[in-house]
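Asks: With the input below, show me the fold.
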Amino acid sequence: MSNKIKDTFKKAPWSLIGIGCLGILLLIWGSFPRKKSSPVATQELQVRLQIGEEEKLTEILSLAGIGNIRVMITYKDEGKKHVATDENIETTYENGKVTSIKENSQVVRMRNNSGEIGLILVEETPKVSGVVVTSSRPISTAQKLKIIEAVRALWDLPLGRIVVLGKE
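Replies: This is a model prediction of the structure:
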């Protein structure tokens, strides 16, 4: 009987067995929960959003023939996310009078690839508080007014919150 077992091991396709074991290990590894995004990742996303807005404004203003410009945008806040909540209010009556009120509120959750998150109803973008535009060459008063009008059309900022600087 032991000779049969030895012959079976000698004839076994070891490459297929190795691939099968590797597949099982990958399945087990993939079933572990993933780490949730950290606040640092959220801040990096926010910075990328700001840089994207600055690049868009730079492109728009450079098409106006102002020359090589740079833009900096500052924000009042980081925006807000309003999530859906499930609210339950239980009122207990005794002899026609309210004896107790229990309120229960839970965030409505939904599953995605990274776990569970709250169901976002409305997401407000960050509010712009100021814009600085600089140019590598002199800017005329008419060009400055065009830049200010463009920025005000985008964010409705007061004049004191928009600064346009050109080389003197």
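Asks: So which residues of this structure form helices?
Replies: 2-11, 14-30, 39-62, 141-155 (DSSP state H).
Asks: where does the chain have low pLDDT?
Replies: Across the chain, residues meeting the criterion (pLDDT under 70) sit at 1-2, 5-6, 8-10, 12, 14, 16, 33-51.
Asks: My guess is residue 79 contacts residue 126. True?
Replies: Yes. Between residue 79 and residue 126 there is a contact at 4.3 Å, judged by C-beta atoms under 8 Å. All C-beta atoms are positioned from the backbone trio N, CA, C, and that covers glycine.
Asks: These two: who's more crowded?
Replies: Applying other C-beta atoms under 10 Å to residue 79 and residue 126 shows that residue 126 carries more neighbours, namely 17 against 13.
Asks: thought that one was touching residue 78?
Replies: Yes. If you go by C-beta under 8 Å, residue 126 and residue 78 touch, sitting 5.6 Å apart.
Asks: Pop the domain breakdown of the protein in here.
Replies: 1-32, 34-79+125-168, 81-117 (automatic domain parsing).
Asks: winner for burial among those?
Replies: domain 34-79+125-168 (a mean of 14; mean count of other C-beta atoms under 10 Å).
Asks: Check the offset of that domain from the chain's centre.
Replies: Distance, stretch centre to chain centre, for domain 34-79+125-168: 19 Å (C-alpha atoms, centre = their mean, to the nearest Å).
Asks: Start the count at 559 instead of 1 going forward.
Replies: OK, 559 is where the count begins now, so the last one is domain 592-637+683-726.
Asks: So what does residue 714 have for phi and psi?
Replies: phi 50, psi 50 (degrees, to the nearest 10).
Asks: Then the one 10 residues further on?
Replies: Residue 724 has phi and psi values of phi -130, psi 160 when expressed as degrees, to the nearest 10.
Asks: measure the closest residue to it other than its chain neighbours to residue 637 for me?
Replies: Counting by C-beta to C-beta, 6 or more residues apart in numbering, residue 724 lies nearest to residue 697, which is 3.2 Å off, once chain neighbours are set aside. Residue 697 is 32 Å from residue 637, where distance means C-beta to C-beta, to the nearest Å.
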